[in-house]
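Asks: Sequence plus predicted model, see below.
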Amino acid sequence: QVQLVESGGGLVQAGGSLRLSCAVSGRTFSSYAMGWFRQAPGKEREFVGGISRRYGSTYYADSVKGRFTIARDNAKNTMYLQMNSLAVEDTAVYYCAATLREFGVTTQGRDYTNWGQGTQVTVSS
């Protein structure tokens, strides 16, 4: 059974940066396409971005495009989310997720089979 553990969340001022990590264990990390999602209080979970399994291609939600960058290190079984120019509206619990999807990235949470426990990101004004 694959396990995902997020880390790197915290409190940051608007305009600042954070880097989240998602460590994957239990199965070959390179077998998975990966995604980041977030959920703010009172709001539905939303797709942030993802990275494909085969070629490391990435796809981002419009709300984070140009500010957030996703990368993966298959040797370390870890995915990263570099968040720059953070805004108050980025405050949420951030989750990483994994899917055995062979090609590309899916934005649909229902397509992901494994999830981390989440890490809180709070951006203050």
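Replies: Arrived safely. Numbering: from 1, shown residues only.
Asks: okay, CA-based contacts and neighbour counts for the rest of this
Replies: Noted.
Asks: quick one: pLDDT of residue 101?
Replies: If you check residue 101, the pLDDT there is 89.
Asks: The nearest residue to it once chain neighbours are set aside: neighbouring residues, count only.
Replies: Excluding its sequence neighbours, the residue lying closest to residue 101 (CA to CA, 6 or more residues apart in numbering) is residue 33, at 6.0 Å. By other CA atoms under 10 Å, 27 other residues sit near residue 33.
Asks: three-state assignment of the closest residue to residue 85 other than its chain neighbours?
Replies: Sequence neighbours aside, residue 15 is the residue nearest to residue 85 in space, at 4.2 Å (criterion: CA to CA, 6+ apart). Here residue 15 is coil, with the state taken from DSSP: H, G, I helix; E, B strand; the rest coil.
Asks: And for residue 48?
Replies: Going by three-state DSSP: residue 48 is strand.
Asks: ok, it - contacts?
Replies: 35-38, 60-61, 63-64 (CA atoms under 8 Å, 6 or more residues apart in numbering).
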